[in-house]
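Enquirer: From the sequence below, what's the structure:
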Amino acid sequence: MGAGLFSLLGTASAHAGSHIPIAFLLGAFAASFSVYSYAKLGATFPSSGGAATFTVMSFGPGVISGGLNIFQYIAYLIAAALYAAGFSEYANTLLNGSLSPLEVKIVGAGIVILCTAINLLGTNIVGKAETLAIGFVTLALLLFSIEGIHVADIATFKMTDWSINGIAIATGILYINFQGFGVVTNSSGAMQEPRKELPLAMFSALILVTIAYVLVSTAAILLLSPAQMALYNGHVLADAAQIVAGRIGFVVIGASALLACAAALNATIFAASNIAADVTRKNSISRVLGESILKTQLRALSISALLVIALVLAFPLDVVGKMASLAFLLVYAAITYGHIRVRQQTGAKLWPLWAAIIINLSLFTTLLINVVESAPNSAIALGAALVGSFALEATYRRHLRSKLKTH
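Expert: Numbering: from 1, shown residues only. Below you'll find the predicted structure:
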């Protein structure tokens, strides 16, 4: 379940109004084609590296796969920054907004450091803690949805005006909530029958989280107007829960948001480091990363944490949320395009792959135009990260070739 559910509803509502549940349904439809692609790839090439392995199998070891893997690593760090920013926003909300903007940023940096330290304790402890956290979050959201829809005055509810472009932008913003399916492929190497288990796990998860997203967002729009969502941007669900159950509801959903954001941050940092370790071990990523940055788990986690903290300090919540969605929409389109090159091995049908590419690029373009208009600096930063990823890979490989020639 994407922690962006807690922090991005206000941002999405600014574009889709009361049509957020429709944006979630469209996001699920869009994600289903990428899930199909990733499930086929994961079943054929099971690995703890997940999508980072897919690029090498599709494009071969070289500048394209190496550059994509570097950018994919950056995309995970941007997503981690979103969850850290969401955590700090809800922490400030629970403290009645008493923190200054700088203190909010410091809280975001602090939770990154804490989660990095927790990752060093071992996966068993982390896994059990996350299971308990997400269990509490799921129960709290289920109760909020049922009670919220029950107490809302549906008779007076009116749908706001809408536009195709507005709903498309909201779909792009909320797409990060479906990012988890990419992480699931990292577990394919541990499955006994990945060809059966992985698609079942991924599509089951997609259906379940979509039901949750639609229920929660329906309760939210019934309880709060778009103007109120804009006012409570970043902590919409806590304020909606206060209408349902007073201060208790406010605190329970606020605590759920903290747990969800911390769990998502922890899992994302772990996934990024896991991907990096896997591709480094198989020499399928630039040795600029492999030898300089990701040589040990401690170094990989430490440098990943520093980069996430830099993103938290540099960009506000709504901007980093859009950047995360943009990055993953582009990554999913690129990896699915690579899938077409190896689909004889995976047995995938061609039309769902092209559908995934076209839908992802369409959402990417729509959201990018909005970001260029509203936050051009973040669009420039994301573009620099993309170009820099391939430039770094190409430069190092050129240097490596010249070095081999001299020997």
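
Enquirer: Now residue 99, what are its backbone angles?
Expert: phi -80, psi 140 (degrees, to the nearest 10).

Enquirer: Which residue, neighbours along the chain excluded, lies closest to it?
Expert: Using C-beta to C-beta, 6 or more residues apart in numbering and skipping residues adjacent in sequence, the residue nearest residue 99 is residue 92, 4.4 Å away. Backbone N, C-alpha and C define where each C-beta goes, glycine included.

Enquirer: residues contacting that neighbour?
Expert: 98-99, 103-104, 107 (C-beta atoms under 8 Å, 6 or more residues apart in numbering).

Enquirer: Please identify the helix or strand for it.
Expert: helix 63-94 (DSSP states H and E).

Enquirer: What of residue 52?
Expert: Under the criterion of DSSP H and E, residue 52 resides in helix 51-59.

Enquirer: Please state the offset of that helix from the chain centre?
Expert: From the chain centre to the centre of helix 51-59 is a distance of 20 Å (C-alpha atoms, centre = their mean, to the nearest Å).

Enquirer: and that helix, average pLDDT?
Expert: Taken as a whole, helix 51-59 carries a mean pLDDT of 83.

Enquirer: Same check on stretch 352-362?
Expert: For stretch 352-362, mean pLDDT is 96.

Enquirer: Show me which of the contacts of residue 92 are buried.
Expert: Burial by neighbour count, 16 or more other C-beta atoms under 10 Å: within these this picks out 99, 104, 107.

Enquirer: Determine the set of other helices and strands touching the helix or strand encompassing residue 11.
Expert: According to DSSP H and E, residue 11 maps onto helix 9-16. Where contact means 3 or more C-beta pairs under 8 Å, 6 or more residues apart in numbering; DSSP states H and E, helix 9-16 is packed against helix 20-44, helix 164-174, helix 194-223, helix 226-231, helix 236-281, helix 317-341.

Enquirer: TSV please, covering those helices and showing mean pLDDT.
Expert: Formatted as TSV, the helices and strands packed on helix 9-16 follow (pLDDT from 0 to 100):
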stretch	mean pLDDT
helix 20-44	93
helix 164-174	95
helix 194-223	91
helix 226-231	90
helix 236-281	84
helix 317-341	93
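
Enquirer: now for the ones you listed, which one comes closest to residue 138?
Expert: helix 194-223 (7.3 Å; C-beta to C-beta).

Enquirer: Just the buried positions in the closest one, please.
Expert: Using 16+ other C-beta under 10 Å as the test for burial, helix 194-223 gives 194-195, 197-199, 201-202, 205-206, 209-210, 212-223.

Enquirer: who does it touch, helix- and strand-wise?
Expert: When contacts are defined as 3+ C-beta pairs under 8 Å, 6+ apart, helix 194-223 sits against helix 4-7, helix 9-16, helix 20-44, helix 123-151, helix 180-184, helix 236-281.

Enquirer: What mean pLDDT does the fifth one get?
Expert: For helix 180-184, mean pLDDT is 74.

Enquirer: distance of residue 298 from residue 224?
Expert: Look at residue 298 and residue 224: by C-beta to C-beta, to the nearest Å, they are 44 Å apart.

Enquirer: Which of those two has more residues huddled nearby?
Expert: residue 224 (24 against 12; other C-beta atoms under 10 Å).

Enquirer: How about the more buried one, nearest residue that isn't a chain neighbour?
Expert: residue 240 (5.4 Å).

Enquirer: OK, contacts around the one you found?
Expert: Residue 240 is in contact with 144, 148, 219-220, 223-224, 253, counting by C-beta under 8 Å, 6+ apart.

Enquirer: Same question for residue 130.
Expert: Residue 130 touches 263, 266-267, counting by C-beta under 8 Å, 6+ apart.

Enquirer: Would you mind giving those residues as JSON lines with neighbour count and distance to residue 36 added?
Expert: Compiled in JSON lines, the contacts of residue 130 are given as follows (neighbours: other C-beta atoms under 10 Å; distance: C-beta to C-beta, whole Å):
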{"residue": "263", "neighbour count": "23", "distance to residue 36": "26"}
{"residue": "266", "neighbour count": "23", "distance to residue 36": "28"}
{"residue": "267", "neighbour count": "24", "distance to residue 36": "23"}
